[in-house]
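Enquirer: A structural model of the following input is requested.
(chains A and B)
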Amino acid sequence: MTLLPTSVRAASPPPAPTPRSRRRLRRQSLAGWGFLGPFVAVFALVFLAPIGYALYLSVFKDKLIGGTSFVGLENYTQALTDPRFWEGVGRVGLFLAVQVPVMLGIALLVALAVDSGRLYGKAFFRISVFLPYAVPAVVASLMWGFIYGTRFGLVGNINDAFGITLPDPLSPSLVLASIGNIVTWEFVGYNMLIFYSALKVVPRSLYEAAALDGAGEWRIVTSVKLPAIRGALVIATIFSIIGSFQLFNEPSILQKLAPNAITTDFVPNLYTYSLSFSGQQHNYAATVAIVMGVITAIVAYTVQLRGMRKG
Amino acid sequence: MTTTRRSRRIAAAAAAVCALALTATACGSSDTSTGASPGDVKSALEKGGTVKVWAWEPTLKKAAADFRKKYPKVKIELVNAGTGDKQYTALQNAASAGSGGPDVAQIEYYALGQFTIGKTVTDLAPYGASQHDKAFTKGPWTAVAKDKSVFAMPMDSGPMALFYNKRVFDKHKIAIPTTWDEYVEAARTLHKADPKLFITNDTGDAGATTSLIWQAGGRPYKTENTDVKIGFEQDAGTKKYTATWQKLLDEKLVAPITSWSDEWYKGLSDGSIATLAIGAWMPANFTTGAASAAGDWRAAPLPQWTKGSKDSAENGGSSLAVPKDAKNKELAYAFIEYATTGAGASARVAEGAFPATTADLDSAKFQETKFPYFGGQQANKIFAESARNVGTGWSYLPYQAYANSVFNDTVGKAYVTATPLAQGLAAWQQASVKYGNEQGFSVNK
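Expert: Okay, the predicted model is just below:
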């Protein structure tokens, strides 16, 4: 699912060609295709073909008894009424509503602090916040899994040392929040860098002008800095939305540690994965993937439309 | 093209057999539609070739080496294509593609149904597999043979036993439980004496649960071709199991540690997991995974649901099958037959495999083997006794691999929330029924 902003403007129809100019036009268009060809070929192969293949898979059904048969849109009606799928969608929706604002808020604060120039050891601070992004998600999840362990992990050690019982971060009621914590830890630095680089290109003269007009530090932030990096904010939000809908690594790794809290349909991506790898339901998995892709595209596009609207 | 080449080769092999055969019947049987006979196997061996084997069982290495020594013209290519589910997915994919699969594949008993129903494994009876029906113990043989067909050869078995940490039991002066009620009692005593000690670990394991229901006399699954019946609610054995196990869960007497995890091995080593009810293939894992606890552990018969009885069940165990698209089925069968029967099987047992063959189970050498890890105990006597008492008539679902994959989604709730175990099993049943019907079976209809 591509999410390229496409601002298509209706082109005005060209004037009807005369017979002579038509031949020239054909030759021209052939030359045009020649230039376009390599791109179209690669684009078709790496972007359109996989989507086309998924669409093709989604209209068939392969049964253990009876083999493969064409079923039309049956898989889609099944997906749209599948409670296991919608529970997963609801879970990433909740995740999106809570984790993304928290993560972007922290990232923005850090970026503003680094940009303010009042921070001592700015470079060190910046790199250490960014560092978790360089840790592969699988390693990060494993590491946090060990921290969360109530028996041999850090939580367990704290419990033992102080004689208290902290709530189990891997219990069914807390595990989504624990995953949110991991993702926040991983991506605050990345988003901070996006915001910081956007802040860097804001002309300093604007700040001086605002200061001369008597604006305080806070007023400069709200009236100058934030409007100036609006584009970066929208982009980071869209990346985060897509990231939330694609949540997979963290739950999939933690599943080994908390098999009863993280079910095989915990998030849509994990559901797709288990459908095709333990249930042999490749066709239905393709359908779920397509439906999820469409949902992601709709949500991301809505956010983009709203975020880019002037006003 | 490959088909015609293969059939030509088979025809040539058959002709060779005919030329050599002393009786006319041998030629007659090789002309049947299956085109296979024990004679073909023999000539294939003389001709030689390559057998690609997908398996993860470690003692097969020994069998492959011995086989090559015996038949130098045959090359055995042993590949570990992944354990359990991963291998089954790969096999299924190869079967739908019609190529890319091995000549021989290791398939656990519980998963074999999926392959026999889908006809993705070869019936080995025409190759001479049925003549071995008396060679194997009941449990494994009924898992691979149906009517006149033999879909795989039993490679090992897992009659259940109770492994217990004698040091912990002695220290707290607890008697070895002989019934599951005593087991619950022992769990209470142990946990009360030291809250760090648990009678066992359990975070929901489909294999262990079904095995204990099996031992309790439960038969929740019934399969007749594509007609499947799943019934946990009305099953007496299941009720016995849930009543007892619910006590262990409610009182938090089982450690919330997942089997095969690092924590698990740690628990087995330091004694905080005091017993395991598991298949007889476990000792090798003890010696490698919990080496520091050598001498602490012993084996005992599985606790009983009724005092004084001797019921047992199988837990795990694998078979060797020939996928339908195998390139050299005769040779594949020859290797399977060698690795699972006679001298080949005995050699694997000597390497640590738990036998599925009665000859090995009954042999004095096997029974009198002393396990240094178990303080010199002759544990095989207990295992062999267990193998003889495995309850008959058990069958898994023809799609058990899938059902097991959603066990923690459903029954797992009973381990982390207030959901009762019986309700969890009902949800599991519901998920299994739904999947079965979607896949074209007729389940509970």
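Enquirer: contacts and neighbour counts: CA atoms only from here.
Expert: Will do.
Enquirer: Domains in chain B, by residue range?
Expert: B:2-155+B:318-356, B:160-313+B:367-443 (automatic domain parsing).
Enquirer: Throw these into JSON lines and include mean neighbour count, thanks.
Expert: Output for these, formatted as JSON lines (neighbours: other CA atoms under 10 Å in any protein chain shown):
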{"stretch": "domain B:2-155+B:318-356", "mean neighbour count": "19"}
{"stretch": "domain B:160-313+B:367-443", "mean neighbour count": "19"}
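Enquirer: so which of those domains gets nearest residue A:74?
Expert: domain B:160-313+B:367-443 (11.8 Å; CA to CA).
Enquirer: Averaged pLDDT, that closest one. What do you get?
Expert: Domain B:160-313+B:367-443 comes out with an average pLDDT of 94.
Enquirer: can you give me the helices in the stretch 101-250 of chain B?
Expert: Shown for the stretch 101-250 of chain B, the helices assigned by DSSP state H, counting those that start in this stretch span residues B:109-117, B:138-144, B:166-171, B:180-193, B:206-215, B:236-250.
Enquirer: re earlier: do you know which of the domains of chain B lies nearest residue A:298?
Expert: Closest to residue A:298 of the domains of chain B is domain B:160-313+B:367-443 (CA to CA; 29.8 Å).
Enquirer: what about that closest one, near chain A?
Expert: Yes. Counting by CA under 8 Å from any CA of the partner chain, chain A has neighbours in domain B:160-313+B:367-443: B:203-204, B:226, B:258, B:263, B:401-402, B:405-406, B:408-409, B:412-413, B:415-416, B:438-441.
Enquirer: What about these, which are in strands?
Expert: Judged by DSSP state E, the residues of domain B:160-313+B:367-443 next to chain A include no members of strands.
Enquirer: These in helices, which ones?
Expert: Within the residues of domain B:160-313+B:367-443 next to chain A, residues falling in helices by DSSP state H are B:263, B:401-402, B:405, B:408-409, B:413, B:415-416, B:438.
Enquirer: Report the two of those residues separated the most.
Expert: Spanning the widest gap among these are B:263 and B:438, at 38.2 Å by CA to CA.
Enquirer: can you list the weak-confidence ranges in the stretch 1-150 of chain A?
Expert: A:1-22 (pLDDT under 70).
Enquirer: Close to chain B: what parts of it are there?
Expert: A:62-66.
Enquirer: Turn the helices of the stretch 101-250 of chain B into a markdown table, including distance to residue B:364.
Expert: Below are the helices of the stretch 101-250 of chain B laid out as a markdown table (distance: least, CA to CA, whole Å):
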| stretch | distance to residue B:364 |
| --- | --- |
| helix B:109-117 | 27 |
| helix B:138-144 | 20 |
| helix B:166-171 | 26 |
| helix B:180-193 | 31 |
| helix B:206-215 | 27 |
| helix B:236-250 | 35 |
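Enquirer: Out of the ones in helices among the residues of domain B:160-313+B:367-443 next to chain A, which comes closest to residue B:359?
Expert: Comparing these against residue B:359 with CA to CA places residue B:401 closest, at 30.9 Å.
Enquirer: Can you give me every residue that contacts that closest one?
Expert: Contact partners of residue B:401, counting by CA atoms under 8 Å, 6 or more residues apart in numbering or on different chains, are A:278, B:85, B:110-111, B:114.
Enquirer: just to revisit the earlier point, restricted to buried residues, select the residues of the stretch 1-150 of chain A next to chain B in PyMOL.
Expert: Buried residues among those (16 or more other CA atoms under 10 Å in any protein chain shown), as a PyMOL selection:
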select buried, chain A and resi 62+63+64+65
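Enquirer: so of the residues of the stretch 1-150 of chain A next to chain B, which ones are in strands?
Expert: Those of these lying in strands (DSSP E): A:62-63.
Enquirer: For the most centrally placed residue in chain B, give its distance to residue B:113.
Expert: Against the mean C-alpha coordinate of chain B, by CA atoms, centre = their mean, the closest residue is residue B:317 at 1.9 Å. Distance, residue B:317 to residue B:113, by CA to CA, to the nearest Å: 14 Å.
Enquirer: Next: residue B:164.
Expert: To residue B:113, residue B:164 is 33 Å away according to CA to CA.
Enquirer: can the domains of chain B go into TSV with extra columns for distance to residue A:78?
Expert: Shown next, in TSV, are these (distance: least, CA to CA, whole Å):
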stretch	distance to residue A:78
domain B:2-155+B:318-356	24
domain B:160-313+B:367-443	11
